[in-house]
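Asker: Structure here, sequence nowhere to be found:
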């Protein structure tokens, strides 16, 4: 396999960099659900935080002090993500233009004796980043490259939501237990460029630094690809996966499935409550779309590409192949959490949670397959298949949430908190597609209103974190991802 020069290596890494998504900020989870909990660092296990309990600890629904409650909320994630490639004397940085992502929610609950039941619809979390066509251009060393002159848009967006049916039961005046049944949906858009260096790494069994690729499409391309001993294709400028739509709430590739939670809340005395919950790993179908394109920008022999003998004349050309994309086994992880709420005085409540998120079970790799349509327009690639996996190997994540609420007067409460989680992504496998590296959050909020109606508001600042994948020292240079975020949530509640 030929060795790439430094400039080519830089452009190779940028293909991945410019697909870097901004993630929700406890891995792909939001740091909190509902502005009451979020403004107190996300702590939510042991006090009444409204119908957001269906996403937090459903047993806290039994603390509701009205017969009915209706909440409607909207949140906006505001990520700031950039990535820098360092290839010795050359560096290149790009900022994502994906800076605002809507996260809606609503919930309704009814108390009937010792039972509380209801329904909730919440955005779980996800990722999203967009880099324009001027972010990844042809490497100057390639000369006039008509396959890349206009640049490539690199875009990634994943959304996950839940429709939830909760049931909470008050066993006695101190103990409540609860469970939920969750209908889960997920969507993904992806416009992702894979460079020559990445393709060579994926397709070469001896390398496997970032992942692996196999299948008849890879084998067929290898028969033409001169660096692999074939005839006709001298250079691969890029391979480009494209399945995307303009829907803000549902991606082109979609999956549905189920999940669930159990929880308990216990009142130790009039000042101290404790709570715990377990969220089961989801059971989602594979994400699929039959309307996808994989295109390859190549420098190729005109005779071979027209089905004849080699002509010795090479030109840049783009080979589009239509087909079906399947994102395999994308799941949301199991979560365990425990927390306490202490009423320190008539006006002050302090809260604390510890949460464990099992990312290692669901984020071993990002696995995707492409199956070319069996049509004449796809030429020799008709019916061919490609399986690809990008290694992730995330660690499990421990999240600590601390917060407090101070009742200034009957119709005003002020809240503040802190949320800290370890970075689940090992530097060796940090992939700019998934820079889930944020660790610390500062949170503020307030609640206004009394009686039937209330408005709650939260603000979260995720402090900037940088992490660097050192690369392999040759064809894949070091890549540094940087991620910070400012988010808010607003909720209107009606109790009757």
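Answerer: That came through fine. These numbers come from a predicted model, not from an experiment. Numbering: from 1, shown residues only.
Asker: Make sure residue 377 is indeed in a helix.
Answerer: Yes - counting by DSSP: H, G, I helix; E, B strand; the rest coil, residue 377 is part of a helix.
Asker: How many neighbouring residues does residue 49 have?
Answerer: 29 (other C-beta atoms under 10 Å). Yep, even glycine has a C-beta here, placed from its N, CA and C like the rest.
Asker: I'd guessed it sits against residue 34; true?
Answerer: Yes - using C-beta atoms under 8 Å, residue 49 makes contact with residue 34 at a distance of 5.5 Å.
Asker: what do these two both touch?
Answerer: residue 56 (C-beta atoms under 8 Å, 6 or more residues apart in numbering).
Asker: Flag every buried residue along stretch 317-332.
Answerer: 317, 319, 321, 322, 323, 324, 325, 326, 327, 330, 331, 332 (16 or more other C-beta atoms under 10 Å).
Asker: where does the third one fall, helix, sheet strand or coil?
Answerer: The one in question is residue 321. From three-state DSSP, the assignment for residue 321 is strand.
Asker: Pull up the per-residue confidence for it.
Answerer: Turning to residue 321, the model gives it a pLDDT of 95.
Asker: now swap in the last one and tell me
Answerer: Reading off the confidence values, residue 332 has pLDDT 96.
Asker: count of neighbours near the closest residue in space to it that isn't next to it in sequence?
Answerer: Distances taken as C-beta to C-beta, 6 or more residues apart in numbering place residue 282 nearest to residue 332, at 4.3 Å, with adjacent residues excluded. Number of residues near residue 282 (other C-beta under 10 Å) recorded here: 22.
Asker: With residue 130 instead?
Answerer: Burial of residue 130 is recorded as 21 neighbouring residues (other C-beta under 10 Å).
Asker: you'd agree it is up against residue 98?
Answerer: Yes - assessed by C-beta under 8 Å, residue 130 is found in contact with residue 98 at 4.1 Å.
Asker: Remind me which helix or strand residue 463 belongs to.
Answerer: strand 453-469 (DSSP states H and E).
Asker: Show me the strands in the stretch 151-300 of the chain, by range?
Answerer: 154-170, 175-194, 211-214, 233-243, 253-267, 272-279, 283-284, 287-301 (DSSP state E, counting those that start in this stretch).
Asker: now the buried residues of stretch 317-332 in JSON lines, with distance to residue 94?
Answerer: Listed next are the buried residues of stretch 317-332 as JSON lines, based on distance: C-beta to C-beta, whole Å:
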{"residue": "317", "distance to residue 94": "27"}
{"residue": "319", "distance to residue 94": "27"}
{"residue": "321", "distance to residue 94": "27"}
{"residue": "322", "distance to residue 94": "29"}
{"residue": "323", "distance to residue 94": "29"}
{"residue": "324", "distance to residue 94": "30"}
{"residue": "325", "distance to residue 94": "25"}
{"residue": "326", "distance to residue 94": "29"}
{"residue": "327", "distance to residue 94": "24"}
{"residue": "330", "distance to residue 94": "26"}
{"residue": "331", "distance to residue 94": "30"}
{"residue": "332", "distance to residue 94": "29"}
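Asker: which pair in these spans the largest distance?
Answerer: 317 and 332 (41.4 Å; C-beta to C-beta).
Asker: Check what pLDDT residue 480 gets.
Answerer: Residue 480 is given a pLDDT of 86.
Asker: Show me how far the helix or strand it falls within is from its chain's centre.
Answerer: Here residue 480, judged by DSSP H and E, is contained in strand 478-495. Remark: strand 478-495 is offset 13 Å from the chain centroid, using C-alpha atoms, centre = their mean, to the nearest Å.
Asker: Poorly predicted segments of this protein, please.
Answerer: For the chain, residues meeting the criterion pLDDT under 70 lie at 1-24, 87-90, 131-151, 205-208, 248-249, 433, 473-475.
Asker: Helices of that one, start to end?
Answerer: Ranges of helices within the chain are 6-17, 35-38, 196-203, 216-224, 302-305, based on DSSP state H.
Asker: list the helices and strands the last one packs on?
Answerer: Same thing as helix 302-305. If contacts are counted by 3 or more C-beta pairs under 8 Å, 6 or more residues apart in numbering; DSSP states H and E, helix 302-305 sits against strand 314-327.
Asker: Return the list of strands paired to the strand it packs on, each annotated with direction.
Answerer: Using DSSP bridges, strand 314-327 pairs in its sheet with strand 287-301 (antiparallel), strand 365-372 (antiparallel).
Asker: Save those as CSV, and put in distance to residue 53 too.
Answerer: Output for the strands paired with strand 314-327, formatted as CSV (distance: least, C-beta to C-beta, whole Å):
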stretch, distance to residue 53
strand 287-301, 29
strand 365-372, 32
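Asker: Any chance of those strands in CSV with mean neighbour count and distance to residue 495 as columns?
Answerer: Formatted as CSV, those follow (neighbours: other C-beta atoms under 10 Å; distance: least, C-beta to C-beta, whole Å):
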stretch, mean neighbour count, distance to residue 495
strand 287-301, 21, 39
strand 365-372, 21, 43
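Asker: For residue 86, which of those strands is the nearest?
Answerer: strand 365-372 (23.7 Å).
Asker: Run the chain-centre distance for that closest one.
Answerer: That offset, for strand 365-372, works out to 17 Å (C-alpha atoms, centre = their mean).
Asker: repeat for stretch 483-496
Answerer: 20 Å.
Asker: go on, stretch 400-411?
Answerer: Counting by C-alpha atoms, centre = their mean, stretch 400-411 comes out at 30 Å from the chain centroid.
Asker: contacts for it?
Answerer: 32, 39-44, 339, 346-355, 413-421, 443, 448-450.
Asker: Those residues in strands, which ones?
Answerer: 339, 348-355, 413-421, 443, 448 (DSSP state E).
Asker: Give me the buried entries from the residues you listed.
Answerer: 339, 349-353, 355, 413, 415-421, 443.
Asker: Which one of these is nearest to residue 122?
Answerer: Using C-beta to C-beta, these come closest to residue 122 at residue 355, 16.8 Å.
Asker: So in terms of bridging, what pairs with the closest one?
Answerer: Applying DSSP bridges, one finds that residue 355 bridges with residue 337, residue 399.
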